[in-house]
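Q: Fold the stuff below for me.
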Amino acid sequence: MTIGLVSLITTTSAVGVGLIPLVAIGLSLYRYDKMDPESPPENIREIKRMYDFIVVGGGSAGAVIASRLSEVSNWSILLIEAGDNENEISDIPIFAGYGQLSELDWKYQTMPSMTSSYCLAMVGDRCNWPRGKVLGGSSVLNAMVYVRGNSEKVRNEKPPDNFLLRYYTSIITTNSN
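A: Sure thing, here's the model as predicted:
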C-alpha cells in the first residue's frame with residue numbers, strides 16, 4: 001500500500017511539472033494583458049519639453065523613486081524604461097525562470113575566466129546574468145524573493161541601527177486609502 005501511494009504521488013508530481021508550459025501557453029492565449037486588474041502604466045505619446053524630475057530605469061529603485069516623487073502633486077515626473085510591461089507569466093513566482101532569456105531580460109552573460117571554476121558546465125563557460133528589461137526591472141525575474149540588508153553590514157555610529165527600518169516597512173506596507 002505504501003509503495004502504491006509513493007508511486008501515485010511521484011506520478012502526480014511529474015504530471016504537474018509537465019503542465020507548467022501548458023498553463024503558460026493558456027495564460028498567454030487568454031489575453032491576460034487586457035484582463036489584468038492592476039492599473040497599467042500610462043504610456044505617453046507626447047513628451048513635455050520640461051519635467052521637474054526624470055527617472056531613468058523603471059526597476060525596483062527607479063519605480064519607487066518616481067512613485068514617491070509623484071506624491072508631490074505639483075511636480076511633474078517622467079519615468080523612462082527601456083523594456084515593456086510585465087506579462088502574465090511574470091506575475092506567477094514559480095514561472096520566474098521563464099522570464100530569463102525572454103524579451104523581459106537584457107540577456108547578459110558573464111565572461112569566461114581562466115582563474116575561476118564557475119560556469120564551466122555552461123556553453124562557452126559563460127553563465128547567464130538575468131537583468132530585467134521590463135517595468136519592474138530585475139525584480140520581475142526573481143520569483144518575488146525579498147532580502148533585507150543585515151544590520152551588521154550597515155552598522156554605523158550615525159544613523160542608529162533602526163534608521164532604515166521605517167523605509168523597509170514602507171516598501172512592504174500598502175496604503176489602501
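
Q: Look up phi and psi at V123.
A: For V123, the backbone dihedrals (degrees, to the nearest 10) come out as phi -60, psi 120.

Q: number of nearby residues for it?
A: The number of residues packed around V123, counting by other C-beta atoms under 10 Å, is 9. To be clear about C-beta, it is placed using only N, CA and C from the backbone, and glycine gets the same treatment.

Q: Check the one 10 residues further on too.
A: Counted with other C-beta under 10 Å, the burial measure for K133 works out to 21 neighbours.

Q: Quick one: residues contacting it.
A: For K133, the contact set (C-beta atoms under 8 Å, 6 or more residues apart in numbering) comprises A82, G83, E103, L104, D105, W106.

Q: nearest spatial neighbour of the fourth one, skipping sequence neighbours?
A: Spelled out, that is L104. Nearest residue to L104, sequence neighbours excluded (C-beta to C-beta, 6 or more residues apart in numbering): V134, at 4.3 Å.

Q: still on that earlier bit, mark which of the contacts of K133 are buried, thanks.
A: Among those, the ones that count as buried by 16 or more other C-beta atoms under 10 Å are G83, L104, D105.

Q: give me every residue that touches the second one.
A: Taking C-beta under 8 Å, 6+ apart as the definition of contact, the neighbours of L104 are G83, D84, E86, N87, S90, G132, K133, V134, V140, L141.

Q: Can you verify my assumption that the residue nearest to L104 contacts Q100?
A: No - with contact defined as C-beta atoms under 8 Å, V134 does not count as touching Q100 (11.5 Å).

Q: Neighbour count for the two, which is higher?
A: Applying other C-beta under 10 Å to V134 and Q100 shows that V134 carries more neighbours, namely 26 against 16.
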